[in-house]
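J.: Just the structure for this:
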Amino acid sequence: MTSIPLQRFDTGEASSVAAHRIASDREALQTAKQLAETFAKGAAERDRDRRLPYQELEILSHSGLLAITVPREFGGIDVAAATLAEVTAILSQADPSIGQIPQNHFYILEALRVDGTPEQQAFFFERVLQGDRFGNALSEKGTKTVAHYNTRIVPDGAHYRINGQKFYSTGVLFADWVVIFATDPQDQITMSFVPRDTPGLTLVDDWAGFGQRTTGSGTTIIADVIVEAAAVVQHHKGFERPSTIGSVGQIIHAAVDLGIARAALDETVNFVRTKSRPWMDSGQDRASEDPHTIARVGDLAIRIDAATALLARSGDLVDKAKESPSEDNVVAASLAVAGAKVLTTEAALQATNLLFELAGTSSTQSDLNLDRHWRNARTHTLHDPVRWKYHVVGNYLLNDVAPPRHGAL
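T.: I've put the predicted structure just below:
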C-alpha cells in the first residue's frame, strides 16, 4: 500500500487523459515508429525556431512509451533493455531532443527500482503508468567534478529542506515531477521527488547550447524546497553494490547518438541521390555513381550497423545483470554499454560530418538546417567523455580493474 504522505502528492492534475498501456516489446517498437513519423515532420522547424516540444511530449506520454520499463510486479511490462535502446534510437532519428528528454526519466525509474522502498515504488510507478513525466535536477556548474554537488538536503522536522541550483536540467520544463539530486549531512547522494509547482522551485528556460536546442535543459533553482520524507530515495545505496543504474542510463545515451547517425545517413543518401552534382573528374553522370562517394557511404552504413549490433548485445547483457546483479554480470554489462557508446559516438560524428562532405556546398544552405544534425551530435556526445570508455575497457582487460560504480557507466 502507498503511504499517506505520498498520497498527499496525488492531485490527479498531471495528465487529463490516462496513458495507453503498451502490452509488449513489439508494440513499443511499433508505437515508436508511428510517433517518429509525426515528430520528424516538425523537427527542423522546432530546432530553427527553438520551439519546445510540449505537444509532442504530451503525445509521447499518452502513448505509454514512458512507462515501458515499469516492473511487471507494479503493472508494467519491463521491456528488454535492447527494446528501450531501439525505441530511443527511433525517436532520436526523428528528433534527438525528443529522444533525449526521457533519458533522465528512465534513469530515475531504474534508480527507483534499485533504491526505492516498496511504498515509493508502488506510488511512483503507478504515476508513470498514468502518464506522469519525471525531469531531473542533477548536474551543477562550478563544482570540482560532475560527481560533486553543492545542493544540500537537511532534516526539517518531519520533512526535509533542499537548497541549491542546477544546470543542464534536461527535460525539466516538461516534467510533472522534478527529481532533485542532493547530498545529505553525511555527504550521501539522495533523490527527491517534488511536484513541479512546489513553492521555492523555479524552472528557468535558459538553455543556450547550439545543439539539442529543444531539450528544455535549463536551470533549476531550489530555494527552501520542502519535500516529504516518504519521497526521498537513498540513491547512494544503488552504487554501494553492483547494479544496472549506470548501464541503463548510458545505453539510452548511446541510442540517442545512434539515432542521430541514422538520420544523418538518410539525409546524405537523399541529398546525393537528388541534389548533388558529380565531381568533374569522376566521369560519372550522377553524384551517386561516384566510386569514392559509394565507398564512403558503404563504410558509414557498416559502422552504423556495427553500432546497432553492439547496442543490442549490450541490452542483452544489461537484462542479464538486472535479473542477476552479480559483480561479473554488472561489469560485463557496463563494459559492453561503454563499447556501444564509443561506436555510436564515432558513428554520429562521422555521419554528420560526412553529410556535408558528400552532399557538397549546397547542403550548407541555412534554410535546409542540415547543420542541426552535426550540432546535435557534437552537443550530445559531450555528455560524458568517451575517452574514458576506452579507458575502463582497457583497464579491465589489462589490469582486472572493474569499472567504477556511478551513473556514467
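J.: how close does I98 get to S363?
T.: The gap separating I98 from S363 is 24 Å, by C-beta to C-beta, to the nearest Å. Where you see a C-beta, it was placed from the backbone N, CA and C, and this is true even at glycine.
J.: higher neighbour count, the two?
T.: Neighbour count, other C-beta atoms under 10 Å: between I98 and S363, I98 has more, with 28 against 19.
J.: mind listing what that one touches?
T.: 39, 53, 56-57, 60, 91-92, 214 (C-beta atoms under 8 Å, 6 or more residues apart in numbering).
J.: what about 6 Å?
T.: Residues near I98 by C-beta atoms under 6 Å, 6 or more residues apart in numbering: 39, 53, 56, 91.
J.: What residues sit buried inside the helix or strand encompassing it?
T.: Take DSSP states H and E as the rule and I98 turns out to sit in helix 96-100. Under the neighbour-count criterion of 16 or more other C-beta atoms under 10 Å, helix 96-100 has 96-100 buried.
J.: Let me have those in JSON lines, adding pLDDT and distance to T151 as columns.
T.: Formatted as JSON lines, the buried residues of helix 96-100 follow (pLDDT from 0 to 100; distance: C-beta to C-beta, whole Å):
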{"residue": "P96", "pLDDT": "98", "distance to T151": "28"}
{"residue": "S97", "pLDDT": "98", "distance to T151": "25"}
{"residue": "I98", "pLDDT": "98", "distance to T151": "27"}
{"residue": "G99", "pLDDT": "98", "distance to T151": "27"}
{"residue": "Q100", "pLDDT": "98", "distance to T151": "22"}
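J.: Which member of these is positioned nearest Q130?
T.: I98 (20.6 Å; C-beta to C-beta).
J.: CA atoms only for stretch 125-145 - export them in PDB, please.
T.: Output of stretch 125-145 as PDB, limited to C-alpha atoms (Å, rounded to 0.1, in the frame of the first residue of the first chain):
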ATOM      1  CA  PHE A 125       5.500   3.500 -10.800                       C
ATOM      2  CA  GLU A 126       1.700   4.000 -10.800                       C
ATOM      3  CA  ARG A 127       2.100   7.700 -11.500                       C
ATOM      4  CA  VAL A 128       4.200   6.800 -14.600                       C
ATOM      5  CA  LEU A 129       1.600   4.300 -15.700                       C
ATOM      6  CA  GLN A 130      -0.900   7.100 -15.500                       C
ATOM      7  CA  GLY A 131       1.300   9.300 -17.800                       C
ATOM      8  CA  ASP A 132       3.400  11.400 -15.400                       C
ATOM      9  CA  ARG A 133       6.900  12.500 -16.500                       C
ATOM     10  CA  PHE A 134      10.000  12.800 -14.300                       C
ATOM     11  CA  GLY A 135      12.600  15.500 -15.000                       C
ATOM     12  CA  ASN A 136      16.000  15.700 -13.500                       C
ATOM     13  CA  ALA A 137      17.600  18.400 -11.300                       C
ATOM     14  CA  LEU A 138      21.100  16.800 -11.300                       C
ATOM     15  CA  SER A 139      24.100  18.500 -12.900                       C
ATOM     16  CA  GLU A 140      25.600  21.700 -11.500                       C
ATOM     17  CA  LYS A 141      28.200  24.200 -12.600                       C
ATOM     18  CA  GLY A 142      31.200  25.300 -10.600                       C
ATOM     19  CA  THR A 143      31.800  22.100  -8.600                       C
ATOM     20  CA  LYS A 144      35.100  20.200  -8.500                       C
ATOM     21  CA  THR A 145      33.800  17.400 -10.800                       C
END
